[in-house]
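Chemist: heads up, no residue letters with this:
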């Protein structure tokens with residue numbers, strides 16, 4: 001494409017290259033050209049500043065690498081792996097190991113340098129460990145940085161397969177705090193809170209690989225998750241209570257879904273949240289299917305085992321701990337709260353105090369929605385009789 005006009009933004013003149021003449025920039029475009037001039041100058045200035053900053057950054061990185069490399073050489077010299085003459089001849093910009101010429105590697109945290117060849121003696125002089133997961137091996141740490149203050153260690157060894165994994169790949173026990181006077185451990189789950197003595201430091205229990213998880217669960221070596229939300233062990237989803245930290249006050253509901261370690265609160269506090277059978281005094285969790293409480297007064301009924309043993313006596317015992325189940329809402333009420341009942345306005349099914357405000361049973365309400373409020377429905381009894389209900 002042939003250029004016919006050029007504009008000099010410094011002198012604000014237009015050059016007509018076809019007629020070989022020059023004239024001032026028209027006033028109509030003067031403001032736009034000044035904005036364009038400022039944009040070009042700013043773009044060039046920012047590009048030069050970025051180039052200078054990048055050059056400074058690279059120089060700082062080279063200086064930092066030289067400092068770390070000299071520390072690496074000094075460590076090898078102190079351990080007798082290289083002599084003084086060999087050390088003087090080494091380049092301070094080298095990227096390979098001075099012993100085996102393998103690629104250098106460094107800690108992801110402090111950037112200390114070591115040898116990437118695990119068979120080289122230099123890698124033993126400055127040990128750097130990494131996760132055994134192939135896609136996690138970019139995260140590697142020296143032995144000083146594996147333990148991170150205020151959190152779980154960066155890496156841990158599975159006690160079953162003896163392989164190293166990142167902290168998120170393992171289940172841990174942070175160690176039960178040792179109580180002072182009250183006999184109850186504090187609720188702090190931070191393994192590095194000052195002034196707290198623990199039974200043990202943060203300890204890996206098992207990794208989450210398919211090979212180790214079944215073995216750890218069979219022997220309960222992976223610990224258990226305490227159901228108390230204020231337990232000292234609650235830190236992450238991967239923290240549990242190991243067998244060493246469980247106390248004799250631990251509680252396990254017969255349903256198997258609720259368990260407390262016994263070391264995070266007094267046993268009396270645990271009992272207050274549980275349902276206790278008034279006959280056998282066995283405790284159950286609030287969501288256990290083996291026992292129910294009245295939906296209004298929260299009076300606890302008999303557990304399933306006691307119901308089977310004394311069902312006949314309970315039916316004839318005034319004020320007995322017998323709960324009635326509503327066929328409509330599936331709620332439970334005791335004798336005292338079940339004294340007044342109401343019927344469904346459509347089919348006359350009995351409604352309890354928990355569901356009587358709806359004035360209609362769930363079945364009729366559902367059929368009313370299905371029929372779109374226009375028609376009734378037929379109900380067939382066990383003897384073949386048919387009853388029509390009109391909305």
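Modeler: On my side now, so go ahead. Worth saying up front: this structure is predicted, and the values here are computed from it rather than measured.
Chemist: Show me what secondary structure element comes after the helix or strand encompassing residue 60.
Modeler: Assigned by DSSP states H and E, residue 60 belongs to helix 30-78. Next along the chain after helix 30-78, taking DSSP H and E as the criterion, comes helix 84-88.
Chemist: quick one: buried residues of that following helix?
Modeler: Buried residues in helix 84-88, defined by neighbour count with 16 or more other C-beta atoms under 10 Å: none. In short, each C-beta sits where N, CA and C put it, glycine included.
Chemist: How far off centre is the helix holding residue 60?
Modeler: Put simply, helix 30-78 sits 39 Å off its chain's centre (C-alpha atoms, centre = their mean, to the nearest Å).
Chemist: just stretch 351-363 next, same as before
Modeler: 41 Å.
Chemist: Endpoints of that stretch, how far apart?
Modeler: Taking C-alpha to C-alpha, to the nearest Å, the first and last residues of stretch 351-363 lie 12 Å apart.
Chemist: Not counting that stretch itself, show me its contacts.
Modeler: Contacts with stretch 351-363, where a contact means C-beta atoms under 8 Å, 6 or more residues apart in numbering, come from 295-296, 324, 326, 328-329, 331, 333, 337-338, 340-347, 349, 365, 368.
Chemist: from those, which would you call buried?
Modeler: For the contacts of stretch 351-363, buried by 16+ other C-beta under 10 Å: 295-296, 324, 326, 328-329, 331, 333, 337-338, 344, 346, 349, 368.
Chemist: Spatially nearest residue to residue 121, not counting backbone neighbours?
Modeler: residue 81 (5.7 Å; C-beta to C-beta, 6 or more residues apart in numbering).
Chemist: quick one: contacts for the residue lying closest to residue 337 once chain neighbours are set aside?
Modeler: Nearest non-adjacent residue to residue 337, counting by C-beta to C-beta, 6+ apart: residue 296, 4.4 Å away. By C-beta under 8 Å, 6+ apart, residue 296 lies in contact with 333-334, 337, 353-354.
Chemist: switch the cut-off to 10 Å
Modeler: Taking C-beta atoms under 10 Å, 6 or more residues apart in numbering, we find residue 296 in contact with 331-334, 336-338, 352-354.
Chemist: got it, and residue 112?
Modeler: Residue 112 makes contact with 68, 71-72, 75, 105-106, 126, 128, 141-145, according to C-beta under 10 Å, 6+ apart.
Chemist: Equivalent analysis for residue 254, please.
Modeler: Per C-beta under 10 Å, 6+ apart, neighbours of residue 254: 282-285, 288-291, 303-305.
Chemist: and what of residue 55?
Modeler: Applying C-beta under 10 Å, 6+ apart, no residues qualify as near residue 55.
Chemist: Show the pLDDT at it.
Modeler: Note on residue 55: pLDDT of 94.
Chemist: Also the one 4 residues further on?
Modeler: Predicted confidence (pLDDT) at residue 59: the value is 92.
Chemist: From residue 308, how far off is it?
Modeler: Using C-beta to C-beta, to the nearest Å, residue 59 is found at 83 Å from residue 308.
Chemist: Hmm, residue 242 is touching residue 175, no?
Modeler: Yes. Residue 242 is in contact with residue 175 according to C-beta atoms under 10 Å; the separation is 8.4 Å.
Chemist: which residues are common contacts for those two?
Modeler: Counting by C-beta under 10 Å, 6+ apart, the residues touching both residue 242 and residue 175 are 199-200, 203, 233.
Chemist: Report the lowest-confidence entry in the residues you listed.
Modeler: Scoring these by pLDDT puts residue 233 last, at 84.
Chemist: burial of that one, as a residue count?
Modeler: When neighbours are counted by other C-beta atoms under 10 Å, residue 233 registers 25.
Chemist: Is it in contact with residue 224, as I believe?
Modeler: Yes. Between residue 233 and residue 224 there is a contact under C-beta under 10 Å: 9.2 Å.
Chemist: Show me the common contact partners of these two, please.
Modeler: 173, 240-242, 261.
Chemist: Quick check on those: which are buried?
Modeler: In the shared contacts of residue 233 and residue 224, the ones that pass as buried (16+ other C-beta under 10 Å) are 173, 240-242, 261.
Chemist: tell me which of those residues is nearest to residue 35?
Modeler: residue 240 (64.7 Å; C-beta to C-beta).
Chemist: How about that closest one: what's its closest non-neighbour residue?
Modeler: Closest to residue 240 by C-beta to C-beta, 6+ apart is residue 223, at 3.5 Å.
Chemist: Now do the contacts for that neighbour.
Modeler: 171-173, 203, 205-206, 216, 233, 239-246, 261.
Chemist: 6 Å instead, please
Modeler: Contacts for residue 223 (C-beta atoms under 6 Å, 6 or more residues apart in numbering) come out as 173, 205, 240-242.
Chemist: Make a markdown table from the shared contacts of residue 242 and residue 175 and add secondary structure and distance to residue 134 to it.
Modeler: Formatted as a markdown table, those follow (DSSP: H, G, I helix; E, B strand; the rest coil; distance: C-beta to C-beta, whole Å):
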| residue | secondary structure | distance to residue 134 |
| --- | --- | --- |
| 199 | coil | 35 |
| 200 | coil | 31 |
| 203 | strand | 26 |
| 233 | coil | 31 |
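Chemist: List of residues touching stretch 11-23?
Modeler: 4-7, 24-25.
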